[in-house]
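Q: Predicted model and sequence below, questions to follow.
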Amino acid sequence: MILITGATGFLGTELTLQLIKKGIKVRAVKRETSTIPAQLANESLIEWHNADINDLASLEEAFEDITQVYHCAALVSFNPADKYKMIRVNIEGTSNVVNLCVQYGVRLLHVSSVAALGEPKKGAPITEDDYWEYNAHVHAYAISKYEGEMEVWRGLAEGLDAVIVNPSVIIGESSGAAGTGAIFKLIQNGLPYYTKGATGFVDVADVAKSMIALMKTDINGERFTISAENLNYKDFFTRIATSFGRKPPGKEAKPWMMALAWRAAKLKSLFTGKSASLTRDAAKSSLNESFYSNDKIKNTIGIQFKPLDQSISEVCNALINS
């Protein structure tokens with residue numbers, strides 16, 4: 001049987017859907033307080049198991065009769081206040097999954113992130129052969145994903161059978177107004193600014209499709225960047241605005257403006273008691289220009305990525321009709 005951690009999340013839900021549509025039975029791990037997505041409710045091929053990846057006892061119970069594990073569970077945040085939560089979930093939780101996979105001889109597909117790859121390079125895309133160099137000023141999410149991936153490499157040295165995927169920014173019509181969907185919502189409401197940064201983007205369906213294809217191979221001890229297209233944020237925001245029929249952002253948010261913005265957001269949060277709408281890490285990340293190569297995954301499984309304009313249109317239509 002196949003085990004999926006983080007099955008109620010954005011990627012985990014898509015992965016679970018794709019597997020059960022193939023007639024494959026899965027055991028889906030969720031926390032007791034998590035809500036089962038409507039798309040997965042009342043599906044006979046899903047066996048739900050309440051467990052926390054940081055609770056080894058409950059997690060070990062989920063491993064009974066398991067031969068493959070898709071580890072999707074993770075905490076994504078650019079809020080420095082979530083640093084220790086991310087360390088606990090993304091590093092310690094991954095360590096528990098890895099240890100159980102080694103113990104029971106289970107094949108693992110680990111979802112890492114492009115945040116765990118090398119730093120931006122002028123004139124060349126970042127590839128799977130690039131390695132992240134520790135930098136105390138890098139945001140906590142990148143550190144947690146890098147260290148989490150290192151737990152998988154440690155497991156490989158102990159005999160683990162595993163493959164790693166490093167998705168870029170994941171978008172998809174099922175995101176709603178949360179996660180990357182929040183960017184679409186801001187632009188739908190008339191965001192006037194863009195930043196000079198750039199990154200890779202990919203549809204959630206293509207990430208799940210790549211994971212399933214890689215799990216079927218005998219590839220062991222390798223990682224694959226999953227990214228459809230590199231775009232600067234101005235172009236990305238413009239495509240979203242056009243799809244919504246809105247005016248594209250026309251003002252560049254300079255670094256000094258972003259610095260003022262995150263400080264203002266932090267000050268506001270002190271008075272409201274709510275999380276800051278913009279953090280220093282998020283502001284800094286939006287100014288980075290990172291381009292990623294997808295040659296390895298395309299050459300390995302022959303995937304043809306969904307055109308990014310199609311993905312953007314699907315997300316916009318879903319928000320319009322929500």
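A: Sure thing, it's come through.
Q: Could you pull out the helices in the stretch 101-250 of the chain for me?
A: Here the stretch 101-250 of the chain has its helices, by DSSP state H, counting those that start in this stretch, at 140-157, 181-188, 204-216, 233-244.
Q: Show which residues not belonging to the longest one make contact with it.
A: Among residues not part of helix 140-157, those counted as contacts by Cβ atoms under 8 Å, 6 or more residues apart in numbering are 74-78, 80, 82-83, 86-87, 89-91, 93-95, 98-99, 101-102, 108, 110, 112-113, 115-116, 132, 134, 160, 162, 164, 220-221, 223, 281. Every residue, glycine included, has its C-beta placed from N, CA and C.
Q: Sort out which of these are buried, if you could.
A: 74-78, 82-83, 86-87, 89-91, 93-95, 98-99, 101-102, 108, 110, 112-113, 115-116, 132, 160, 162, 164, 223, 281 (16 or more other Cβ atoms under 10 Å).
Q: list the contacts for Ala198?
A: Under the criterion of Cβ under 8 Å, 6+ apart, the neighbours of Ala198 are 230-233, 288-291.
Q: Make CSV from these and add neighbour count and pLDDT to it.
A: Formatted as CSV, the contacts of Ala198 follow (neighbours: other Cβ atoms under 10 Å; pLDDT from 0 to 100):
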residue, neighbour count, pLDDT
Asn230, 21, 95
Leu231, 18, 93
Asn232, 16, 91
Tyr233, 21, 89
Asn288, 13, 77
Glu289, 14, 82
Ser290, 20, 87
Phe291, 18, 92
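Q: which one of those sits closest to Ala318?
A: Closest approach to Ala318 among those (Cβ to Cβ): Leu231, at 20.0 Å.
Q: pLDDT weak spots in the stretch 101-250 of the chain?
A: Residues of the stretch 101-250 of the chain that meet the criterion pLDDT under 70 lie in 120-122, 134-137.
Q: wouldn't Lys196 be in contact with Pro249 here?
A: No - in this structure, Lys196 sits apart from Pro249 without contact. The criterion is Cβ atoms under 8 Å, and the distance is 11.9 Å.
Q: how about the contacts of Ala198 in JSON lines, adding distance to His139?
A: Shown next, in JSON lines, are the contacts of Ala198 (distance: Cβ to Cβ, whole Å):
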{"residue": "Asn230", "distance to His139": "20"}
{"residue": "Leu231", "distance to His139": "21"}
{"residue": "Asn232", "distance to His139": "20"}
{"residue": "Tyr233", "distance to His139": "17"}
{"residue": "Asn288", "distance to His139": "10"}
{"residue": "Glu289", "distance to His139": "16"}
{"residue": "Ser290", "distance to His139": "13"}
{"residue": "Phe291", "distance to His139": "19"}
